[in-house]
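Engineer: Sequence below, structure please.
(chains A and B)
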Amino acid sequence: MSSLNQILHITLINLRNVPRRLGTSLVVVVGIAGVVGVLVSVLAMGEGFRHTLASTGRPTRVIMLRAGSDAEMSSGVGRDQATLLGALPGVARDDAGRPLVSAELFVMVDLPRQGQSDPNNVPFRGVQPAAFAIRDEVRIIEGRHYERGVREVIVGRKAAREFAGLGVGSRIAFRDSDWTVVGTFESGGDVHESEIWADAEVAMSAFRRSGFQSVTAALADPTDSGLADLRASIARDRRLSINVLREPEYYAKQASILSKLIGVLGYSVATFMAIGATFGALNCMYSAIASRQTEIATLRAIGFGGAPVVVSVMIEALALALIGGVLGATLAYVYCDGASLSTLNFNTFSQVAFDFRVTPGLLARGLVWALLIGAAGGLLPAIRAARVPVTVALRTA
Amino acid sequence: MKYLPLVWSQLFRRKTRTVLTLLSVLVAFLLFGLLQAVQIAFESGADSADAKRLLTTARYSIIEPLPMSYALRMERVQGVVAVAYADWFGAKYQNESNAFAVFAVDPARYLDMYPEFEIAPAQREAFMKTRTGAVAGKRLMDRYGWKVGQKLPISSEIHAKTDGSLDWEFDLVGVFDAEDPAVRANTDVVLINVAYFDEARQSGRGKTGWYITRIADADQARTIAADVDRLFMNSPDETKTAPEKEFAIGFAKQIGDLGALVTRILLAVFFTILILTGNTMAQAIRERIPELAILKTLGFSNVTVTALVLGEAALLLSIGATLGMLTAVSIIPGLNSATGGRFPPLFVHAETFVLAAVVALALALAVGLPPALRVHRLRIVEALAGHR
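Structural biologist: Coordinates of the predicted model:
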């Protein structure tokens, strides 16, 4: 009998035996499902956060901050500087020849989460009219645009969902007077959906600011040389001390601390759980071979080799692990995918809302972990099964 | 107690199985200890809060500044003992944004407000006298290898000097530390003398970020907070005052419900452990049915035999839980130094031990009761007849 044939036969006998050892087999399945479920859901959180920031902005647009500032909140761009920046030749113009540039005020306002009362740092952005031409992904999905010169705001879809009192028609008390929410907007699931937008001039007078935080502009020439020209023209002007970044580059940076933290948390917890689950799997496989000691010894006595025994035990362990992995990944997908969350982004110190994203890549990673645990849990018992001398095995059983 | 050796030898009847199960339980409780430590570290602000301290910020957003002149008016509020203030510097050190927090403070007012920060009297004196002086928390000193007496170059992302430069330099004149691990997280900060900072900055002069007030009677916190806010009502800079603890809890909540996340992970962990140890126990008892029947034959009462089985489950889980918590305690110092002080210091809180004991006991009952009841109902004749 070929060894392949032997493997097939022993494995079939093993697998047919599994229902009789349901208790121990369940331990492997549940243990591994736990590891994979936790790993996939925590990483899905990180993935969702990264995706939200990564999908913000286009490479054809730039954000200009004061040199030395890495985030809008700490940046400051004076009104005079903003005017100079808008007039630069590297900035794109609309059909009427007006520059596609929006100098923006970026502050935080305190708002409670839905159903809570503690304040959260919700980002509030005062934008100039061109902002909507530059960011053409922004679309009003409910209500209308704010009117210029009036204390009206439009609210990002995710901010409206996470924080209390942001429905169209409601009034919010910020500095000095009430503001009316007149619309809700979406912008392709990006970070702006966590923000509240208003007319920059009105916002500046209400927040008593004399300068902006940042300037966003469309590039006339989106190639690297176009960007280099823009940077060079800023460097030539001694009145300007400005750092220019493509939007995706800027927003990717804003994800750094939190994604790292989530990754470390997810992988360390999953590693510990995996170690625990490996012990569970070892236990299960040892008792599986113990209950079949006579049978295995008999097979070997009638001429089956050691290798097929090892392989068959491994296959059983891997099959159970796979079931556990699929179960865990499914649970993570059912419970987490699309679940929404809002947290403090440590880079910007303001709230960002995002959805869990269970991607195929994460599911695959979960299954790989499951198989690794299965392999680690199956190997030693498999070797033991093949190495116990036949005579001893038959006598002690 | 006299049955302990019996329970012990029953537990280790099959060494491999018991040891592997123990290791799983150990890992579960190790994870429990660590995750609780992380959660507590994030919420330690609330733990170390002083009930006699209030925090005052601008009413509509924490980033709006308040006039420094408020200090004098706040001091006159009934029940207020002392007032200190601090401003956010927005530090960038060695090109890393917010590598640590830097607060511009009035040295005497601030250090008096936080007596839990221990600093040598001579260094405190030097900080008060040196206009360009700065003091730093011990963990930060260790992380960056700073020495008292050196120049400390820190850039600000927010505040430019009058010459337009964002690069500042201070004289490091002292170091402070805290005994209590819950407070130590708050020492990861550099304090600079506001006298120099306010004079040398380009804009925002005469303004500060937030106020801290000490009150005589913690029970009066709400009344005094309301009195302070009433003082500035309808002024251009309205305030919002709350007890320090509330403020810390609010900040932890901004991060989101970390507690719920940790709880869910731990539920998954302990559910797994429940299945695992439950299976081990069931298996162990099934194998020993004849032995248990013999114990009954020898005159052991139903209750005693049931207690023996429950005791076995309790022993298994308490050994695993104890070893797991001990491992957590012993690896945390290593973790703390491995993170280089970039993370709040982790420590296992006394409450965590109590909680671990409760969880271990609950698990022991859950996995021990079904086989114990089975043994309780066991009829000697059937048990002996059924097995060979």
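
Engineer: how about the residues of the stretch 201-350 of chain B near chain A?
Structural biologist: Applying C-beta under 8 Å from any C-beta of the partner chain, one finds that the stretch 201-350 of chain B approaches chain A through B:236, B:249-250, B:253-256, B:265, B:268-269, B:271-273, B:275-276, B:279-280, B:282-283. Using the backbone N, CA and C atoms, a C-beta is placed for each residue, glycine as well.

Engineer: Give me the domain ranges for chain B.
Structural biologist: B:4-44+B:257-386, B:61-237 (automatic domain parsing).

Engineer: among these, which gets the worst mean confidence?
Structural biologist: Set side by side, these give their lowest mean pLDDT on domain B:4-44+B:257-386, at a mean of 88.

Engineer: Strand partners (parallel or antiparallel) of the longest strand along chain A?
Structural biologist: Looking across chain A with DSSP state E, the single longest strand is strand A:101-112. Strand A:101-112 has its sheet partners listed here by DSSP bridges as strand A:119-127 (antiparallel), strand A:214-218 (antiparallel).

Engineer: could I get those as a markdown table with mean pLDDT and mean neighbour count?
Structural biologist: Below are those laid out as a markdown table (pLDDT from 0 to 100; neighbours: other C-beta atoms under 10 Å in any protein chain shown):
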| stretch | mean pLDDT | mean neighbour count |
| --- | --- | --- |
| strand A:119-127 | 91 | 25 |
| strand A:214-218 | 96 | 24 |
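
Engineer: Let me know the pLDDT of residue B:388.
Structural biologist: pLDDT, residue B:388: 46.

Engineer: Check residue A:207 too.
Structural biologist: 85.

Engineer: Might you report the residue contacts of it?
Structural biologist: Residue A:207 is in contact with A:105, A:107, A:126, A:174-175, B:64, counting by C-beta atoms under 8 Å, 6 or more residues apart in numbering or on different chains.

Engineer: which phi and psi does the residue of the stretch 51-200 of chain B found nearest chain A have?
Structural biologist: Nearest residue of the stretch 51-200 of chain B to chain A (C-beta to the nearest C-beta) works out as residue B:157 at 3.7 Å. As for residue B:157, its main-chain torsions (degrees, to the nearest 10) stand at phi -90, psi -10.

Engineer: residue contacts, it?
Structural biologist: For residue B:157, the contacting residues are A:68-71, A:74-75, B:90-92, B:97, B:166, by C-beta under 8 Å, 6+ apart.

Engineer: what's the closest non-adjacent residue to it?
Structural biologist: Excluding its sequence neighbours, the residue lying closest to residue B:157 (C-beta to C-beta, 6 or more residues apart in numbering or on different chains) is residue A:74, at 3.7 Å.

Engineer: what about the one you found, how many neighbours?
Structural biologist: Residue A:74: 24 surrounding residues under other C-beta atoms under 10 Å in any protein chain shown.

Engineer: Also residue B:328?
Structural biologist: Using other C-beta under 10 Å: residue B:328 sits among 25 other residues.

Engineer: Would you mind measuring from it to residue A:363?
Structural biologist: To residue A:363, residue B:328 is 31 Å away according to C-beta to C-beta, to the nearest Å.

Engineer: quick revisit: wait, which of the contacts of residue A:207 is closest to residue A:245?
Structural biologist: Proximity of the contacts of residue A:207 to residue A:245 (C-beta to C-beta) peaks at residue A:105, which lies at 18.8 Å.

Engineer: For beta bridges, what are the partners of the spatially closest residue to that closest one that is not a sequence neighbour?
Structural biologist: Closest residue in space to residue A:105, ignoring its immediate chain neighbours: residue A:126 at 3.5 Å, by C-beta to C-beta, 6+ apart. Beta-bridge partners for residue A:126, by DSSP bridges, are residue A:105, residue A:198.

Engineer: wait, residue A:126 sits on residue A:204?
Structural biologist: Yes - contact criterion C-beta atoms under 8 Å: residue A:126 and residue A:204 qualify, at 6.2 Å.

Engineer: longest helix of the chain?
Structural biologist: You didn't say which chain, so I picked chain A. Ranked by number of residues, the top helix in chain A under DSSP state H is helix A:256-291.

Engineer: Chain B is the one I meant
Structural biologist: Max-length helix for chain B by DSSP H is helix B:302-338.

Engineer: Now do the buried residues in that helix.
Structural biologist: Residues of helix B:302-338 classed as buried by neighbour count (16 or more other C-beta atoms under 10 Å in any protein chain shown): B:305-325, B:327-329, B:332, B:335-336.

Engineer: Pull the number of nearby residues for residue B:46.
Structural biologist: 18.
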